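*Asks:* Give me a model of this one.
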Amino acid sequence: MIDVDAVTIDYGQGEQTVRAVEDVSFRLDKGKSLALIGPSGCGKTSLLFALSGLLHPRSGKITLDSEEVTNPRRDVALILQNAGLLPWKKVWQNANLSLLLNGEFPQQNAAEVLAHLVLDNVMKRFPAELSEGMKRRVGIARALSTSPS
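*Replies:* Residues are numbered from 1 along each chain as shown. Coordinates of the predicted model:
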């Protein structure tokens, strides 16, 4: 379960402070879905970063399975609109990037995820050789290869 309680997120300090999220609260039970919808700049990505522990709220509290989120969590995967692929790395390397950065060796799981997303036939290609949809699927594969909860 995800519990967000009165979360406010600011960027900057003093007169330069910009409020990205103000007093947001919700509870999401395990197995349920939630859509964050809004115009550009309204704080959707800031809230996702806070949920994953990559950004700390100015106030409020976020808990995941009754544990407060205070640091980045390895059991949480974040998939952004831009796939964020490294152009000099091949599909296989991009899909395994999270594992490699964590000091883990690529697992069979990444190959299975790529096959499931119909990317197994392009594992040796560079991002420039892929369609936009394929690039997004590689980003999804990278997130899923870490076996997030």
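
*Asks:* Kindly export stretch 24-44 (C-alpha atoms) in CSV.
*Replies:* Extracted C-alpha coordinates of stretch 24-44, given in CSV (Å, rounded to 0.1, in the frame of the first residue of the first chain):
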residue,chain,number,x,y,z
VAL,A,24,-1.3,16.1,-1.6
SER,A,25,-2.8,13.1,0.2
PHE,A,26,-4.1,9.8,-1.0
ARG,A,27,-4.0,6.1,-0.2
LEU,A,28,-3.4,3.4,-2.9
ASP,A,29,-4.1,-0.2,-1.9
LYS,A,30,-1.9,-3.0,-3.3
GLY,A,31,-3.0,-4.1,-6.7
LYS,A,32,-4.8,-0.9,-7.5
SER,A,33,-3.9,1.7,-10.1
LEU,A,34,-3.8,5.5,-10.0
ALA,A,35,-3.4,8.0,-12.9
LEU,A,36,-1.6,11.3,-12.3
ILE,A,37,-3.1,13.7,-14.9
GLY,A,38,-2.4,17.4,-15.3
PRO,A,39,-0.7,20.1,-17.4
SER,A,40,3.0,20.3,-17.8
GLY,A,41,4.7,21.7,-14.7
CYS,A,42,1.9,20.8,-12.2
GLY,A,43,4.1,18.4,-10.1
LYS,A,44,3.3,14.9,-11.5
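
*Asks:* Just checking the distance from that stretch to the centre of its chain.
*Replies:* Mean-position distance between stretch 24-44 and its chain equals 14 Å (Cα atoms, centre = their mean, to the nearest Å).

*Asks:* neighbouring contacts of that stretch?
*Replies:* The contact list for stretch 24-44 (Cβ atoms under 8 Å, 6 or more residues apart in numbering) reads 1-9, 20-21, 47-48, 60, 65. Every residue, glycine included, has its C-beta placed from N, CA and C.

*Asks:* Asn96: how many residues sit nearby?
*Replies:* 23 (other Cβ atoms under 10 Å).

*Asks:* What of Lys44?
*Replies:* Using other Cβ under 10 Å, Lys44 has 17 other residues around it.

*Asks:* Would you confirm that Leu51 contacts Arg73?
*Replies:* No. Counting by Cβ atoms under 8 Å, Leu51 sits too far from Arg73 to count as a contact (9.2 Å).

*Asks:* And the buried ones among the contacts of stretch 24-44, selectable in PyMOL?
*Replies:* The following PyMOL line selects those of those that are buried, judged by 16 or more other Cβ atoms under 10 Å:
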select buried, resi 2+3+4+7+8+9+20+21+47+48+60
